[in-house]
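**Student:** for reference, the sequence and a predicted model appear below.
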Amino acid sequence: MKNKKSVSYSKWGYIFIIPFFVVYIIFNLYPQILTVYNSFFENYRQGLTQVGPNFVGFSNYVALLTPSSEGTIDILRYLGNTMIMWVMGAVPQFLIALILALIFTSSRLNIKGQGVYKSIIYMPNMIMAAAFSMLFFTMFSTVGPVNQVLESMGILDKPIDFISFTLPARSLVAFMNFLMWFGNTTIMLVAGIQGIDESLFEAAKIDGANSWNVFSRITLPLLRPILVYVAITSLIGGLRMFDVPQVLSKGVGMPDRTTFTVVMLLNNYLGTSKNYGMAGAVSVLLFIVTAILSTFVFKFINKKEEK
Amino acid sequence: MKKKLVSLLMVATMAASMVACGQTATEAPATEAPAADAAATEAPAAETPAAEEGKVFNIYAWNEEYKGFFEKYYADKIPADVEVKWTIVPSDNGAYQEALDNALLNQENAAADEKVDMFLAEADYILKYTNSDFTQDITALGVTDFSNTYAYTVEAASDVAGTVKGVSFQCCPSALIYRRSIAKEVLGTDDPTEVQAALSSWDKFDAVAADAKAKGYLMTPSYAETYRVFSNNVSQPWISDANELQFDANINTWMDQAEKYVKEGYTLTEGIWDAGKNAEMGKDGKALCFFGPAWYFNFCMGPAHDEAMGDWAICEGPQAHFWGGTWLLAPTGTDNPTILADCMNTFINDEAVCENLIRNEAQFTNNQAVNAKVASDPEYASEFLGGQNDVAIFAELAKNIKFQNVTLYDQYCNEGLQTYFVEYLKGSVDSRDKALANFYTYIGEKVPGIVTPQ
């Protein structure tokens, strides 16, 4: 009799994760499959007239990957732009976030009022990206405050159109992404460091390890899972970069399309002509690239642990 | 406790940023239930349309301009129980067209109160709607009297077979708007007739530009200021019947002029809507010539109104042209045909309303009789133009307008060319060919199946 009273709770585990899978299948998996399916069709609107869908095999992909008369493959150029702007923002983002996280968690510094600092560095992320971008566009325009200040200080004799040069334009995009995301990364890393067993730090201290040793032998290795997570989410977010360069460059990727990202291309295909075929092909290529790069980052950061 | 607070903060902020992302991806159309219904309920119902008509009158537009006129001069004629609902989506990058297309494609399935009952369209893309089954014959609805409207406005609102699908409440001949104080310095006069004589051809225009430069002024405030003058007088459309992108000789002339003017310092590399150009309208403005119709100098020259009121005048300029204009179109499937037709008739044929549009709203209307009446009124004078009778000049210019060589994609071609060509003028790209190649790529993305010269 007593044996029968013991109840198996394992099924509840499955029941509780059902909602996730249902939502995932309906809102993620199904659209994903649909995207792949659409990429094999000619399907767009000419004015208000619908063309297609007609099955065209791989011709959308061929069109995307055919070099132009100048010998460049446009989508690769845009992918390059995206990656460059991501790296320009992500490298300082990780460095600063790591330093801040170490400062916040240092038992020696024992900073008071951390909540306030954390909230402040998180603030930029709460502004809508487009509004943030619009703000920078206005600040750096030829009649904007930055030029006015530089002129009144006598540094410039006539205004500079920052956004018409590649490096400043890309730097602005990277800087905005940095500003918006370093707070988020910091909080992640703080949580990661706080998750490390305090006794390890104490033991190291007793053994006479200096700060660098503690950081490189204890903090960094044990932080690796969080670092992988942060790096991959940042990479995926970076590849999908859209609103900041879209608004800053008024949707055209100026100058010379060097701030034009892959998702802006997607937007151009989808916007007017609802070109689901080409947009689908762009999405699928972006998905493949994301998968490859994520695997690479994952392998790269995790590699050292194997020794 | 502390950790809980932190995690709560994180969840809240992440949720907030996700919501924010969702909003930025697609510029959320602002749907407004405006003050119109308040006005409508206060006023007694003048005439009651057939009882079975819809209770919500849906209007799609890209800015507030027409909404103001509608509320002031028409809203009180709408039956008290009908609500007017505006959907306003900005037109940048084709966003308005996209929102409108979606609404029209869904028109058949939409609930009666959701159906588009009237929408506004611009010259750059009106063709897309008139040449489709999504708009209907307005003569069948009771809008039949076009005796006073300008022929080009009716032509623009007609499909290839000549069926009229809408009306415009304005007529948009574009003029050369010059700054009197600078004209006095450069030309020695600010009299419209004499200024016109000095600027009546492009050769004279170039000569004056050199003079203006020598005296420390700009000829125009934007490299694209004269764009419409050229693009409006093309002899072939942007896109051929074979779906090829083609450059008219006039467009090439404009590019040559823009390049020369930037190089010589006659103009700036600011776009026509850029803040840097608008600054030239203010009290420290150095630019002599602007180009635009009545709507332009009355609604888009804010700094000029604030800081240089009365320091302006208009004349024809080197070449006649028009710019823009707003048409009211009748969508198929509207459930308020009576209000729709009545509204259209009011804005083209109600002389009192048209006269108010001129006198109170600084419009040049689509009613020739009213325009002529005001043109010959010695009392009428525009304060902005230093007492000049702009209606008299526009009435002359309006005779020359032709609506021709337009395509579905003119907005993308006109805006795209200006945007990418200026990169060459600014030095962001090193050759004209490179700038044009970027323009072709852009058009290739926006217009499926187009053949570009590349």
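**Tutor:** Noted; the coordinates are in hand.
**Student:** just the strands in the chain please.
**Tutor:** All of this refers to chain A. A:41-46, A:49-55 (DSSP state E).
**Student:** was after chain B, sorry
**Tutor:** Using DSSP E, strands in chain B cover B:30-32, B:56-61, B:83-88, B:116-122, B:166-168, B:173-179, B:289-292, B:312-315, B:321-322, B:326-329.
**Student:** the fourth one pairs with which strands?
**Tutor:** Within its sheet, strand B:116-122 is paired with strand B:56-61 (parallel), strand B:326-329 (antiparallel), according to DSSP bridges.
**Student:** just checking, B:Gln388 touches B:Gly310?
**Tutor:** No - with contact defined as C-beta atoms under 8 Å, B:Gln388 does not count as touching B:Gly310 (9.8 Å). Quick note: C-beta positions are derived from backbone N, CA and C, even for glycine.
**Student:** ok, B:Asn58 - contacts?
**Tutor:** Shown in contact with B:Asn58 (C-beta atoms under 8 Å, 6 or more residues apart in numbering or on different chains): B:85, B:87, B:113-118.
**Student:** out of the strands of chain A, the one nearest A:Val143 is which?
**Tutor:** strand A:41-46 (38.6 Å; C-beta to C-beta).
**Student:** between the closest one and strand A:49-55, how many degrees?
**Tutor:** Orientation check (axes from the mean of the first three to the mean of the last three C-alpha atoms, to 10 degrees): strand A:41-46 against strand A:49-55 gives 180 degrees.
**Student:** for strand A:41-46, which outside residues touch it?
**Tutor:** A:50-56, A:59-60, A:273-278, A:280, B:101, B:408, B:448-449.
**Student:** worst average pLDDT in the strands of chain B?
**Tutor:** Among the strands of chain B, strand B:30-32 has the lowest mean pLDDT, at a mean of 42.
**Student:** if we can go back for a sec, could I get the strands paired with strand B:116-122 as JSON lines with distance to A:Pro19?
**Tutor:** JSON lines is the format used below for these (distance: least, C-beta to C-beta, whole Å):
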{"stretch": "strand B:56-61", "distance to A:Pro19": "38"}
{"stretch": "strand B:326-329", "distance to A:Pro19": "46"}
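**Student:** so, low pLDDT: which residues of the chain?
**Tutor:** Went with chain A since none was named. For chain A, the stretches with pLDDT under 70 are A:1-5, A:303-307.
**Student:** chain B, not that one
**Tutor:** Short version for chain B, where the test is pLDDT under 70: B:1-52, B:454.
**Student:** gap between the residue nearest the centre of it and B:Gly94?
**Tutor:** In chain B, the residue lying closest to the centroid (C-alpha atoms, centre = their mean) is B:Gly324, at 4.0 Å. Distance, B:Gly324 to B:Gly94, by C-beta to C-beta, to the nearest Å: 16 Å.
**Student:** again, but for A:Pro124
**Tutor:** The spacing between A:Pro124 and B:Gly94, counted by C-beta to C-beta, is 30 Å.
**Student:** and for B:Thr189?
**Tutor:** B:Thr189 is 43 Å from B:Gly94, where distance means C-beta to C-beta.
**Student:** one more: B:Ala175?
**Tutor:** 28 Å.
**Student:** what about residue 137, how many neighbours?
**Tutor:** Assuming you mean chain A. 18 (other C-beta atoms under 10 Å in any protein chain shown).
**Student:** actually, chain B is the one I wanted.
**Tutor:** The burial count assigned to B:Asp137 is 15, neighbours taken as other C-beta under 10 Å.
**Student:** and for the one 10 residues further on?
**Tutor:** B:Ser147 has 10 neighbours, counted by other C-beta under 10 Å.
**Student:** do the same with B:Met309
**Tutor:** Residue neighbour count, defined by other C-beta under 10 Å, stands at 12 for B:Met309.
**Student:** list the residues that contact the closest residue in space to B:Val447 that isn't next to it in sequence.
**Tutor:** Closest residue in space to B:Val447, ignoring its immediate chain neighbours: B:Tyr409 at 5.3 Å, by C-beta to C-beta, 6 or more residues apart in numbering or on different chains. Contacts of B:Tyr409 were listed using C-beta under 8 Å, 6+ apart, and they are B:125, B:238-239, B:443, B:446-447.
**Student:** repeat that for A:Asp256.
**Tutor:** A:166, B:423, B:428-429, B:434, B:438 are the contacts of A:Asp256 under C-beta under 8 Å, 6+ apart.
**Student:** show me which of those residues are buried.
**Tutor:** Neighbour counting with 16 or more other C-beta atoms under 10 Å in any protein chain shown marks A:166, B:423, B:428-429, B:434, B:438 as buried within the contacts of A:Asp256.
**Student:** wait, which of those residues is closest to A:Phe182?
**Tutor:** Nearest to A:Phe182, judged by C-beta to C-beta, of the buried ones among the contacts of A:Asp256 is A:Thr166 at 23.7 Å.
**Student:** could you check how far that closest one is from A:Ser249?
**Tutor:** When distance is defined by C-beta to C-beta, A:Thr166 is 11 Å away from A:Ser249.
**Student:** between the two, which contacts overlap?
**Tutor:** A:Thr259.
**Student:** what residues does the stretch 101-250 of chain A have near chain B?
**Tutor:** Within reach of chain B by C-beta under 8 Å from any C-beta of the partner chain, the stretch 101-250 of chain A has these residues: A:115, A:118-119, A:122, A:125-131, A:138, A:141-144, A:161, A:164-166, A:187, A:242-243, A:250.
**Student:** got the contact list for the closest residue to A:Ser107 other than its chain neighbours?
**Tutor:** Spatial nearest neighbour of A:Ser107, chain neighbours left out: A:Phe201 (7.3 Å); criterion: C-beta to C-beta, 6+ apart. Residues counted as contacts of A:Phe201 (C-beta under 8 Å, 6+ apart) are A:107, A:214, A:218.
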